[in-house]
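Colleague: Return a 3D structure for these sequence lines:
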Amino acid sequence: INLMLSFTILPKNIKYLQIQGQQNNLKLNKYLKQCSNQLVSLKIFGLPNHLSHMPKLRQLTIQKVMFNLNMISKLSFLCPYLELLY
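Modeller: Below is the predicted model of the structure:
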């Protein structure tokens, strides 16, 4: 699903989400919280300061960001079943 963050409510049953373009961190976190328990795959531009717990997330793609190895422990806590990280 391609998403423009002008929408105010996301269905809670979304499993695959792609957000294109750079977004405000607070808005992005708000939208991710709405469907974070069901997400299996997430593609985002940049890494928000605060990520919601995503217990079912298996694939995460972060575009346009230099990945810091210190993020690994945070991601393993927030996404315990993460199998693929781009």
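
Colleague: For the rest of this, base every contact and every neighbour count on C-alpha atoms.
Modeller: Fine.

Colleague: Please tell me how far the residue most central in space within the chain sits from residue 9.
Modeller: Central residue of the chain (CA atoms, centre = their mean): residue 42, 5.0 Å from the mean position. According to CA to CA, to the nearest Å, residue 42 stands 17 Å off from residue 9.

Colleague: and what of residue 71?
Modeller: Distance from residue 71 to residue 9, by CA to CA: 28 Å.

Colleague: now do residue 64
Modeller: On the measure of CA to CA, residue 64 and residue 9 end up 26 Å apart.

Colleague: Check whether the residue nearest to the centre of the chain really touches residue 63, as I assumed.
Modeller: No: counting by CA atoms under 8 Å, no contact exists between residue 42 and residue 63, whose distance comes to 11.0 Å.

Colleague: By mean pLDDT, point me to the weakest helix or strand of the protein.
Modeller: strand 2-3 (a mean of 46; mean pLDDT, DSSP states H and E).

Colleague: ok so, going back, give me the element the residue nearest to the centre of the chain is part of.
Modeller: strand 41-45 (DSSP states H and E).

Colleague: can you check residue 75 too?
Modeller: Counting by DSSP H and E, residue 75 is found in helix 71-78.

Colleague: circling back: what packs against the strand holding residue 42?
Modeller: On a contact count with 3 or more CA pairs under 8 Å, 6 or more residues apart in numbering; DSSP states H and E, strand 41-45 meets strand 16-19, strand 59-63.

Colleague: number of nearby residues for the nearest residue to residue 47 once chain neighbours are set aside?
Modeller: Excluding the flanking residues, the one nearest residue 47 by CA to CA, 6 or more residues apart in numbering is residue 62, at 6.6 Å. For residue 62, the neighbour count with other CA atoms under 10 Å is 16.

Colleague: Adjust the sequence numbering to begin at 39 for everything that follows.
Modeller: Fine by me, first position is 39 from now on; the one you just mentioned is residue 100.

Colleague: Residue 95 and residue 115, how far apart?
Modeller: Residue 95 is 11 Å from residue 115, by CA to CA.
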